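> Model the following, please.
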Amino acid sequence: MLRAALAAVILPAAAIAKPAVSRSEVLSAIQVFDANACGNLAAPTSAAVAGTAVAQASNTILRFALESDAVVVDLGTDAVPWCDVKTGMADLPHSGERGLLLAAYLAGSIRSQLKTGSADSNPYDGWVHMIAVYRAMKNREGVQIPEIEHLLELQSSGSLARYAALTEQKSIDRLKQRYGGTGTAPNQRPSAAALASASPQ
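Residues are numbered from 1 along each chain as shown. Here you go, the predicted structure:
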């Protein structure tokens, strides 16, 4: 139920016109997400409550990632290989789980950037947070998603940070190729929308 609700709500929510999400609101939403995304949801009532909390928190997190100038999150297919934010996840196996893991990735990336005060499209912190949620999901439900298994292997071998740096550079190179020029100025990071649109079709 938790993941089904999330898959249905997370991507369309960006289109709803609402006041901008503040820093304190998104940090609060990340706390709610973390408290409910990995818990033991055996009881139906607990699952329903947690599902609603996670869906609402995820929408807030997604809106902040797309709208705020304080952060930039790479949503290209190299950074989020388990889902395609352009076409959605409805036709993919474990679509609800994939949506939940996208929210976890966004939460980890946003929290890290707000903590450091520096917008950074490197996906590493988002991956680390997402992998923690994935491990809990895998242990609890036996879910396996091949694209994330690959990231899990890289983390286990100690090469995830290097792979993240290469992934970030790939996305920036695609932006240069698509939009021309020599890339973004140091204080002009590419937006999440630009990074997503620069991913392969």
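> you'd agree Ala53 is up against Asp34?
No - if you go by CB atoms under 8 Å, Ala53 and Asp34 don't touch, sitting 10.7 Å apart. From N, CA and C alone the C-beta is placed, and that goes for glycine too.
> Leaving aside the residues adjacent along the chain, what's closest to Tyr134?
Spatial nearest neighbour of Tyr134, excluding adjacent residues (CB to CB, 6 or more residues apart in numbering): Ile148 at 5.2 Å.
> By residue count, tell me the biggest helix in the chain.
Longest among the helix segments of the chain by residue count, using DSSP state H, is helix 44-67.
> buried residues in that one?
Residues of helix 44-67 classed as buried by neighbour count (16 or more other CB atoms under 10 Å): 47, 50-67.
> immediately after that helix, which helix or strand?
Once helix 44-67 ends, the next helix or strand along the chain (criterion: DSSP states H and E) is helix 95-116.
> Using PDB, list the CA coordinates for whatever helix or strand comes next after that following helix.
Moving toward the C-terminus from helix 95-116, the next helix or strand (DSSP H and E) is helix 124-141. C-alpha atoms of helix 124-141 as PDB (Å, rounded to 0.1, in the frame of the first residue of the first chain):
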ATOM      1  CA  TYR A 124      26.600  10.000  -4.300                       C
ATOM      2  CA  ASP A 125      24.800  11.100  -1.100                       C
ATOM      3  CA  GLY A 126      21.500  10.400  -2.700                       C
ATOM      4  CA  TRP A 127      22.600   6.900  -3.700                       C
ATOM      5  CA  VAL A 128      23.900   6.200  -0.200                       C
ATOM      6  CA  HIS A 129      20.500   7.200   1.400                       C
ATOM      7  CA  MET A 130      18.600   5.300  -1.300                       C
ATOM      8  CA  ILE A 131      20.700   2.100  -0.800                       C
ATOM      9  CA  ALA A 132      20.000   2.200   2.900                       C
ATOM     10  CA  VAL A 133      16.300   2.200   2.200                       C
ATOM     11  CA  TYR A 134      16.700  -0.500  -0.500                       C
ATOM     12  CA  ARG A 135      18.600  -2.800   1.900                       C
ATOM     13  CA  ALA A 136      15.800  -2.500   4.400                       C
ATOM     14  CA  MET A 137      13.200  -3.200   1.700                       C
ATOM     15  CA  LYS A 138      15.200  -6.100   0.400                       C
ATOM     16  CA  ASN A 139      15.700  -7.700   3.800                       C
ATOM     17  CA  ARG A 140      12.000  -7.200   4.700                       C
ATOM     18  CA  GLU A 141      10.300  -8.200   1.400                       C
END
